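Asks: generate coordinates for the sequence data below:
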Amino acid sequence: MKKIIWSLILLLLTSVAYSQTNQYVFHYEKDTVALDELVVYGSLRANNTSPFSFNNLTRASLETLPVAEPAYALSSTPSITFYSDNGTNLGYVYYRLRGMDQTRLNVTLNGIPLNEPEDQGSYFNNFPNFLSGIDDVQIIRGAGLSKVGTSTFGGSLNFESKSNYGDPIVELSGSYGSNLTKMLSASVNTNSFFVTVNKFSTNGYKYNSGNESWSTNYGADIKLFGQKTKIFGIVGKQENGMAWVGETLDQIYSDPRSNTNKPGERDDFLNVHNQITFENTSLRNNSITYSLFHQYQDGWYDTDISLFDPSLSEGELMSRIHLKFNWIGALYNQTVTLKRLKVSFGINYNSQHRNHEGLSNYQSSGFVQDYTNEGIKQEYAQYVKGEYKFKKLTLYGDAQFRYVNFKYKSSTYNAEIYNGGNLNYSTGASYREGNHILHYGVGRTSREPRRSDLFGGTDNYVGSLNVLKDETVFSKDLGYRYVSEKLQIGVNWYQMNFKNEFMPTGTYGENSIALYKNVTKSYRKGIEVTYNYTGRVIDIAGNVTVSKNKFIDDDGTWVNSILSPNSVGNINVKYKHKRSAYVGVNVRYNSEAYIDLFNEYALPSYTVLDAYCGFTKGIFDLRLNFNNITNSLILTNGMIGFDGNPRYFIMNNLSSLITLKIKI
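Replies: Below you'll find the predicted structure:
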């Protein structure tokens, strides 16, 4: 026992998380959401004895949001920015945490990985109306807890699927809004399972950037082989018009809805994700869980080569990349509780086989195959986490060894592209005195390069590979929080020091994916402040982050990191009339952010004003949402075009959405 305790003290790690702050629904929560969840999920989540800065968004919060990608909900929490290709909150929507994009954030669903292994991204567009099957999401900033799947580098998002289904109910929902946005949803809930079916379409704000999609979520809590068993699955089918290139300022000023991508550029993907978890709690002070998952994808996307080669006319030469993969994995977790000490340890393994097929269509003569290749990526990880409580003090430790192997196979080149392992850890302590909580934590995490970076933005081996090093971050968080029934205030200082950080170059490769390069030294540091007041008729909540984000360029000069604003914040004010109606406004602010490595071009600062209201009567629930009610022209993201000039992405002008829900 003494050896275990001293090992935990050497690892050290601690608590405190910010209470929920959501821009639509606010209510007091004692440090974290109490969920009737399987133990494996709990071991991968922060709680009131974890030394990290985190937020929880509950089902009550998520249900009040308009139909939108999860990034819109996440933006109500500190240090998160987002933008979309087509200018709306739907379709391909991208988010950043502390300036780091979603390929550098670990995303899990019930503790099971969602980051696609080869390029480490997670695209909720593949599962339309993803939040319809979700009860809770936890956002952890910084190195935090180690997770299954890609490294917890800039932070992590853990989604928990529906549980505690409650009384049997049928729910019908319909939405209609700007850009011919339409959504129909039907859900059936019983005491032990649920099924939700969604149908969605929009024209998009930019021309030729529409989306047609459907999805089905399903889940059940049952007894299987004498063990408590949780099953969850989601199927998504989507078709999009492309809008990933960005527009020049002249195009935007002439017509804000301009789209440089060509009308013939489309994508079409089918995604299926299934998972099952068994829990054995028959052992005294000991609980064991086993999880299995499988994900399947089949689809393609087109690129008009005239975007890269001005000598070609529109539609003269189209490139299609066809992707198909099977991804399987298994997880084991055991948790032992001995009075003041709680220890969890586990092992996980996953393997993805992804087929790539390149085709071309010259002058609409039909697609012919140019190449085929296969990527095989395998990951093995084991971890141990521990928490020791002594009166008002809590010590925490977390160590993970993660091993990755990536092989590439084609008719012209077969090689082991990457093979290596890293030790990730975090440690810290928290101290609680009444309503006051202090915490301090540190963590170290490393992450391997993406396939796209190794291949220089091509989808097929073309004779050479980029030599890239693993990136490493050492993260520190020091925080204070005051928590009472009506008022919660949190202040968190963080510093993230990087070695060989993968910095976006602001450019894109021929596979339409953003490119990155190693920079030898960089840092991100700042202060995050949250506040939440819950009154009888008025709720006020919000957050602000003030930061510095720098890297050393090739000349040895400190310059600003790409797409990393130094100030981000939002405030929400909501008026409640009894329990049947509400009306509110939300203000979101982003300061200036550079879009290129040389800091020549920048996105101007912007402020967005949104408004919303709702009314409930019996079985009916009516909601109205208005975005960008000042009708401002807002640039949300930028890139360097293939001609070396800047291009920008724009936010939808004044838009609205009405939603009616009926519960039977």
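
Asks: Three-state assignment for the nearest residue to residue 511 once chain neighbours are set aside, please.
Replies: For residue 511, ignoring the flanking residues on the chain, the nearest one in space by Cβ to Cβ, 6 or more residues apart in numbering is residue 459 at 4.6 Å. In short, each C-beta sits where N, CA and C put it, glycine included. Counting by DSSP: H, G, I helix; E, B strand; the rest coil, the backbone at residue 459 sits in coil.

Asks: adjust the sequence numbering to begin at 12 for everything that follows.
Replies: Right, with 12 as the first residue, what we last looked at is residue 470.

Asks: neighbours around residue 470, how many?
Replies: Residue 470 is surrounded by 23 other residues when neighbours are defined as other Cβ atoms under 10 Å.

Asks: can you check residue 302 too?
Replies: With other Cβ under 10 Å as criterion, residue 302 counts 24.

Asks: per-residue pLDDT, it?
Replies: Predicted confidence (pLDDT) for residue 302: 96.

Asks: so which elements touch the host helix or strand of it?
Replies: In this structure, residue 302 is located in strand 297-315 according to DSSP states H and E. When contacts are defined as 3 or more Cβ pairs under 8 Å, 6 or more residues apart in numbering; DSSP states H and E, strand 297-315 packs onto helix 50-54, strand 277-291, strand 328-349.

Asks: tell me the angle it makes with strand 328-349.
Replies: Comparing the axes of strand 297-315 and strand 328-349 via axes from the mean of the first three to the mean of the last three Cα atoms, to 10 degrees yields an angle of 170 degrees.

Asks: name the strands paired with strand 297-315 and say parallel or antiparallel.
Replies: Here strand 297-315 is paired, per DSSP bridges, with strand 277-291 (antiparallel), strand 328-349 (antiparallel).

Asks: out of the ones you listed, the one nearest residue 582 is which?
Replies: When the strands paired with strand 297-315 are compared for distance to residue 582 using Cβ to Cβ, the nearest one is strand 277-291, at 35.9 Å.

Asks: quick one: contacts for the residue lying closest to residue 101 once chain neighbours are set aside?
Replies: On the basis of Cβ to Cβ, 6+ apart, the spatially nearest residue to residue 101 that is not a chain neighbour turns out to be residue 213, at 5.4 Å. Under the criterion of Cβ atoms under 8 Å, 6 or more residues apart in numbering, the contact list for residue 213 reads 99, 101-102, 190-193, 221-222.

Asks: residue 331 now?
Replies: 311-314, 369-372, 378.

Asks: can I get those residues in JSON lines with pLDDT, neighbour count and distance to residue 338?
Replies: Supplementary listing: the contacts of residue 331 in JSON lines, determined by pLDDT from 0 to 100; neighbours: other Cβ atoms under 10 Å; distance: Cβ to Cβ, whole Å:
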{"residue": "311", "pLDDT": "97", "neighbour count": "16", "distance to residue 338": "18"}
{"residue": "312", "pLDDT": "96", "neighbour count": "19", "distance to residue 338": "19"}
{"residue": "313", "pLDDT": "96", "neighbour count": "20", "distance to residue 338": "24"}
{"residue": "314", "pLDDT": "94", "neighbour count": "23", "distance to residue 338": "25"}
{"residue": "369", "pLDDT": "96", "neighbour count": "18", "distance to residue 338": "21"}
{"residue": "370", "pLDDT": "97", "neighbour count": "18", "distance to residue 338": "23"}
{"residue": "371", "pLDDT": "96", "neighbour count": "16", "distance to residue 338": "28"}
{"residue": "372", "pLDDT": "96", "neighbour count": "18", "distance to residue 338": "29"}
{"residue": "378", "pLDDT": "96", "neighbour count": "18", "distance to residue 338": "26"}
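
Asks: same list (those) but as a markdown table, adding distance to residue 124.
Replies: Supplementary listing: these in a markdown table, determined by distance: Cβ to Cβ, whole Å:
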| residue | distance to residue 124 |
| --- | --- |
| 311 | 24 |
| 312 | 23 |
| 313 | 28 |
| 314 | 28 |
| 369 | 27 |
| 370 | 30 |
| 371 | 33 |
| 372 | 35 |
| 378 | 32 |
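
Asks: any idea which of those residues is closest to residue 492?
Replies: Relative to residue 492, the closest of the contacts of residue 331 is residue 312; by Cβ to Cβ it sits at 44.4 Å.

Asks: wait, that closest one touches residue 272, no?
Replies: No. At 11.0 Å, residue 312 and residue 272 do not qualify as touching, with contact defined as Cβ atoms under 8 Å.

Asks: which residues do the two both contact?
Replies: Overlap between the neighbourhoods of residue 312 and residue 272 consists of residue 253, taking contacts as Cβ under 8 Å, 6+ apart.

Asks: quick one: the residue nearest to residue 522 from residue 257, how far?
Replies: For residue 470, the distance to residue 257 under the criterion Cβ to Cβ, to the nearest Å works out to 21 Å.

Asks: about what we covered before: what residues sit buried inside the strand holding residue 302?
Replies: By neighbour count with 16 or more other Cβ atoms under 10 Å, strand 297-315 contains the buried residues 298-302, 304, 306, 308, 310-315.

Asks: quick check: what element follows the helix or strand where residue 485 lies along the chain?
Replies: Per DSSP H and E, residue 485 falls inside strand 482-494. Next in sequence after strand 482-494, counting helices and strands by DSSP H and E, comes strand 498-519.

Asks: now that following strand: buried residues?
Replies: Within strand 498-519, the residues that count as buried by 16+ other Cβ under 10 Å are 498-503, 505-519.

Asks: average model confidence for it?
Replies: Along strand 498-519, the predicted confidence averages to a pLDDT of 93.

Asks: which neighbours in the sheet does the helix or strand following that strand have, and how are they oriented?
Replies: Proceeding N to C from strand 498-519, the next assigned helix or strand is strand 525-545, under DSSP H and E. Neighbouring strands of strand 525-545 in its sheet, by DSSP bridges, are strand 498-519 (antiparallel), strand 549-563 (antiparallel).

Asks: can you name every helix or strand that the helix or strand just after the last one contacts?
Replies: Spelled out, it's strand 549-563. Beyond strand 549-563 in the direction of the C-terminus, DSSP H and E gives the next helix or strand as strand 569-571. On a contact count with 3+ Cβ pairs under 8 Å, 6+ apart, strand 569-571 meets strand 549-563.

Asks: any idea of the angle the host helix or strand of residue 243 forms with strand 297-315?
Replies: In this structure, residue 243 is located in strand 238-252 according to DSSP H and E. In this structure, strand 238-252 runs at an angle of 10 degrees to strand 297-315, with the same axes, to 10 degrees as the basis.

Asks: and the pLDDT at residue 16?
Replies: Per-residue confidence at residue 16 stands at 35 (pLDDT).

Asks: ditto for residue 538
Replies: With respect to pLDDT, residue 538 has a value of 97.

Asks: picking up where we left off before, of the strands paired with strand 297-315, which is nearest residue 594?
Replies: Among the strands paired with strand 297-315, strand 277-291 sits nearest to residue 594 (Cβ to Cβ), with 37.4 Å.
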